[in-house]
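Asker: Sequence and predicted structure below; questions after.
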Amino acid sequence: MSIDDTAHMGTPSHPPPAGADSLWSHPLVSRLSRLGQRLKQGDQNHPWILDAGVVAVVVLLFCVPDLAHGGSRHDRAMAFTRLPWPGTLALQAGLVLPLLWRRRRPSLAFAVIAAVFLLQSSLGVWLRAGVAILIALYSLALHGRLRHLPMACAVTAGALGLVAVRLPTEVSILEALFFLSSTIIAAVALGLAVRIRRAQLAGLRDRATRLEIERDQRSKLATATERTRVAREMHDIVGHNLSVIITLADGGAYAADLAPERGKQALLLIGDTGRQALGELRRTLGVLREQTDTPQLTPQPGIADIDALFTRIRAAGPQVVYRTSGELDTLDRGVQLTVYRIVQEALTNALKHAGHDTRIHLTVTVKDTQLHIDVHDTGPSGGTARPGPPHDEGHGLAGMTERAALYNGTVTAGPAPGGGWTVRATLDLTPLSGVSGTGGAA
């Protein structure tokens with residue numbers, strides 16, 4: 001375990017094996033885990049405490065013994081000379097104090113320690129605190145710039161080489177060099193290993209963060225898509241039925257005095273239209289509720305239900321002429337729903353803008369792999385062309401365009417040359433372009 005990682009002990013990053021549950025649940029392990037978490041949090045809040053702790057350990061283990069003997073180590077066999085304690089204290093301070101900024105300024109800390117180490121070696125002095133150069137080398141490999149590491153290794157090797165030449169003659173120079181080079185390699189390897197491990201953990205945390213962001217974005221996109229779909233359905237249902245109800249109410253109020261029976265008939269049609277709209281709204285809004293039971297499945301409207309649209313439109317006043325060509329009943333349910341919604345929106349717009357005295361011509365044609373929808377109204381009484389609806393109003397034309405796009409289709413709408421308004425839609429019925437299933441374009 002590295003020096004820095006002693007403060008980062010905590011819960012294991014992977015779940016323990018099944019047979020080790022009793023070990024991980026042991027009270028001592030739990031206490032150590034909590035202690036590691038507190039140390040990690042403390043190091044994040046006050047990083048200088050760990051550095052001061054490292055200095056304190058080096059002082060207790062390596063500096064105090066030299067001072068207790070009155071100065072530096074003296075060994076004639078190793079050709080080391082004794083230094084009085086004031087000089088020893090000064091060298092120890094130069095070796096140990098730079099460790100306080102070994103993480104913030106690793107290159108500077110190593111340079112100072114290496115300079116003091118070379119000074120003591122040139123003076124023929126051996127201090128136990130010289131181990132600080134290995135700690136500084138480890139810190140440089142972990143926290144410093146990697147381009148400084150080769151030079152630092154060379155300096156450390158040279159400094160330790162000066163120590164090797166003063167070893168007893170019975171010690172082989174090769175053995176000494178092997179031992180000293182092993183300590184250098186161990187310090188560098190440990191620092192790089194911890195550095196790589198931290199980089200991997202940082203990468204995993206970054207990946208987890210990005211995955212969390214992507215998941216939130218996908219959730220928001222799905223919510224926005226569902227809201228758009230529900231808004232489109234609500235517009236189709238509410239817009240059509242309210243237009244019919246308003247037209248019937250206006251006509252019933254006008255005919256109440258002249259033909260009471262027509263007024264009563266209009267009220268009955270208003271009730272039927274309102275109940276049908278309420279049922280469709282309940283089915284549409286049901287997808288937004290969380291249901292514990294299996295929801296009741298109701299077929300979506302198709303081409304066969306277009307006649308019911310005509311009944312309500314005719315009751316509001318306009319005359320409707322409906323023509324079909326080709327095999328319509330065999331179309332996919334999704335295609336039929338798209339046709340129904342486009343026709344519903346076009347009829348609603350005709351009733352809303354052209355009024356109750358217009359004449360509507362609807363043609364649905366299937367030819368080869370194309371389905372064509374043509375809705376034309378003659379406009380208000382007198383054959384005058386109605387103005388186009390504002391582009392930013394409602395979901396009408398946008399909804400029709402989106403539905404047609406599901407089948408690689410297009411929708412165009414605009415004034416007719418002879419007056420009135422024309423809506424044309426084309427759908428592609430090729431198997432690769434169609435949307436299969438009962439849900440269709442709902």
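Answerer: Good, I have the coordinates. Residues are numbered from 1 along each chain as shown.

Asker: so where is the stretch 101-250 of the chain shaky, pLDDT-wise?
Answerer: 166-171, 235-241 (pLDDT under 70).

Asker: Going along the chain, name the helices of it.
Answerer: Per DSSP state H, counting those that start in this stretch, the stretch 101-250 of the chain carries helices over the ranges 106-122, 132-143, 149-164, 173-234, 240-258.

Asker: Nearest to Q41, out of those?
Answerer: Closest approach to Q41 among the helices of the stretch 101-250 of the chain is made by helix 173-234 (16.5 Å; C-beta to C-beta). C-betas here are computed from N, CA, C, even on glycine.

Asker: returning to that earlier point: mind putting the helices of the stretch 101-250 of the chain into TSV with distance to T358?
Answerer: Listed next are those as TSV, based on distance: least, C-beta to C-beta, whole Å:
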stretch	distance to T358
helix 106-122	84
helix 132-143	81
helix 149-164	86
helix 173-234	25
helix 240-258	11
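
Asker: Identify, out of the ones you listed, the most deeply packed stretch.
Answerer: helix 132-143 (a mean of 25; mean count of other C-beta atoms under 10 Å).

Asker: which residues are in contact with that one?
Answerer: Applying C-beta atoms under 8 Å, 6 or more residues apart in numbering, the external contacts of helix 132-143 come out as 2-4, 54, 58, 62, 95-96, 98-99, 102-103, 106-107, 109-110, 113-114, 117, 148-149, 152-153, 156, 159-160, 183-184, 187-188, 190-192, 194-195.

Asker: Quick one: the strands in this protein, in order.
Answerer: For the chain, applying DSSP state E gives strands covering 319-325, 359-367, 370-377, 410-415, 421-428.

Asker: tell me the mean pLDDT over the second one?
Answerer: Spelled out, it's strand 359-367. Average pLDDT, strand 359-367: 92.

Asker: Show me what it is packed against.
Answerer: If contacts are counted by 3 or more C-beta pairs under 8 Å, 6 or more residues apart in numbering; DSSP states H and E, strand 359-367 sits against helix 306-315, strand 319-325, helix 333-354, strand 370-377.

Asker: The last one versus strand 410-415: what angle between them?
Answerer: Inter-element angle recorded for strand 370-377 and strand 410-415: 20 degrees (by axes from the mean of the first three to the mean of the last three C-alpha atoms, to 10 degrees).

Asker: centre of the chain versus strand 370-377, how much separation?
Answerer: Relative to the chain's own centre, strand 370-377 is displaced by 43 Å; criterion: C-alpha atoms, centre = their mean, to the nearest Å.

Asker: what comes up buried for it?
Answerer: 371-377 (16 or more other C-beta atoms under 10 Å).

Asker: biggest separation within the residues you listed, which pair?
Answerer: Every pair of the buried residues of strand 370-377 checked by C-beta to C-beta; the farthest is L371 and D377, at 20.8 Å.

Asker: could the strands of the chain go into a markdown table alongside distance to T88?
Answerer: Below are those laid out as a markdown table (distance: least, C-beta to C-beta, whole Å):
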| stretch | distance to T88 |
| --- | --- |
| strand 319-325 | 108 |
| strand 359-367 | 102 |
| strand 370-377 | 98 |
| strand 410-415 | 92 |
| strand 421-428 | 92 |
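
Asker: Tally up the residues packed near L35, please.
Answerer: 12 (other C-beta atoms under 10 Å).

Asker: just I49 next, same as before
Answerer: 12.

Asker: ok, it to V131 distance?
Answerer: 21 Å (C-beta to C-beta, to the nearest Å).

Asker: ditto for H353
Answerer: H353 is 91 Å from V131, by C-beta to C-beta.

Asker: got it, and G279?
Answerer: Applying C-beta to C-beta to G279 and V131 gives a distance of 85 Å.

Asker: neighbour count winner among those two?
Answerer: The neighbour comparison of G279 against V131 (other C-beta under 10 Å) goes to V131, with 16 against 12.

Asker: List the buried residues for stretch 348-361?
Answerer: So for stretch 348-361, counting by 16+ other C-beta under 10 Å, buried means 348-356, 358, 360-361.

Asker: Using PDB, list the CA coordinates for it.
Answerer: Taking Å, rounded to 0.1, in the frame of the first residue of the first chain, the C-alpha atoms of stretch 348-361 are listed here in PDB:
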ATOM      1  CA  THR A 348     -61.900  19.800 -38.900                       C
ATOM      2  CA  ASN A 349     -60.000  22.600 -40.600                       C
ATOM      3  CA  ALA A 350     -62.600  22.800 -43.400                       C
ATOM      4  CA  LEU A 351     -65.400  23.100 -40.800                       C
ATOM      5  CA  LYS A 352     -63.500  25.600 -38.800                       C
ATOM      6  CA  HIS A 353     -62.400  27.900 -41.600                       C
ATOM      7  CA  ALA A 354     -64.900  27.400 -44.400                       C
ATOM      8  CA  GLY A 355     -68.100  27.300 -42.200                       C
ATOM      9  CA  HIS A 356     -71.200  25.100 -42.200                       C
ATOM     10  CA  ASP A 357     -72.300  25.900 -45.700                       C
ATOM     11  CA  THR A 358     -69.200  24.600 -47.500                       C
ATOM     12  CA  ARG A 359     -69.000  21.500 -49.700                       C
ATOM     13  CA  ILE A 360     -66.200  19.000 -49.000                       C
ATOM     14  CA  HIS A 361     -64.800  16.400 -51.500                       C
END
